[in-house]
Each structure stands twice: as structure tokens, then as C-alpha cells.
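Asks: Provided below are the primary sequence and the corresponding predicted coordinates.
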Amino acid sequence: MQKDYDTWKKNDFFANTIEYVFIYRYKFNKMPDENDKTILTDLADGQTGVIVSVAGGKKAAKRLADLGLAPGTEIEVLRKAWFSGPVQIAICGSKLVIGRGLASKIVVELK
């Protein structure tokens, strides 16, 4: 297994991305625990978490901030559509629907 990790580590494209962390976790069957950080799309329906950061560019961060999705805010996943569909969330008493691509850029800590 160490050899596989070394080959992933040498690949510069994945070295500084969230995808690297999740690919490594699923590849070696190390699932996140209760106090671990994960992306919004990995939460199950009804789970809540606190936004830690946004792993996107300036425009994505501004768009999410305009919607009220800022670090430190509590968020709940109401439901997710199948396959690559949108994610319905509840935040500050409001219900929002955001695309899965944008939702995958939100890093949350499970509550």
C-alpha cells in the first residue's frame, strides 16, 4: 500500500486538492469519523454540519457568501437529487437549492 500512496503523492495535480484527500480515503477504506471534515455532497439527507471553508475561486466564494454560505455557518442537507443533480439545503431558516458542482466546493465539519 505504501507504494500506491507514494505514486499518488508524486502527482502534482492532486497534491493540493480536496479530491486527493477523498481519493486516498476511499482507496484505503479509511472513512471519515464524526469530527472529520468532508465536502457537502458527502453528507446524507438530514445531516448537519458547520461550514469550514470554500475550496473554490473568488467568484465561487463570493457567490456562496451572497447566498449566506460563509465559514462558521450551520448548514443542513435536506435532500440530494440522484446522480449529478442539485442539493437542497437549509441555512439560517431559509431553504436553498445549489448545484452539485458548487456544493462539492463547500468543506464542512460534521455536527
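Replies: Perfect, I can see it now.
Asks: What separation do you get for the residue lying closest to residue 84 once chain neighbours are set aside and residue 41?
Replies: The shortest distance from residue 84 to any non-neighbouring residue, by C-beta to C-beta, 6 or more residues apart in numbering, is to residue 100 (5.4 Å). Where you see a C-beta, it was placed from the backbone N, CA and C, and this is true even at glycine. As judged by C-beta to C-beta, to the nearest Å, residue 100 and residue 41 stand 6 Å apart.
Asks: overlap in contacts of the two?
Replies: By C-beta atoms under 8 Å, 6 or more residues apart in numbering, residue 100 and residue 41 have these common neighbours: 80, 87.
Asks: count of residues packed around the residue nearest to residue 84?
Replies: 15 (other C-beta atoms under 10 Å).
Asks: List the residues that contact it.
Replies: Counted by C-beta under 8 Å, 6+ apart, residue 100 has contacts 41, 80-81, 84-87.
Asks: Next: residue 75.
Replies: 40, 48-51, 69, 89-91, 106, 108 are the contacts of residue 75 under C-beta under 8 Å, 6+ apart.
Asks: Assign a three-state SS to it, would you?
Replies: Under DSSP: H, G, I helix; E, B strand; the rest coil, residue 75 falls in the strand class.
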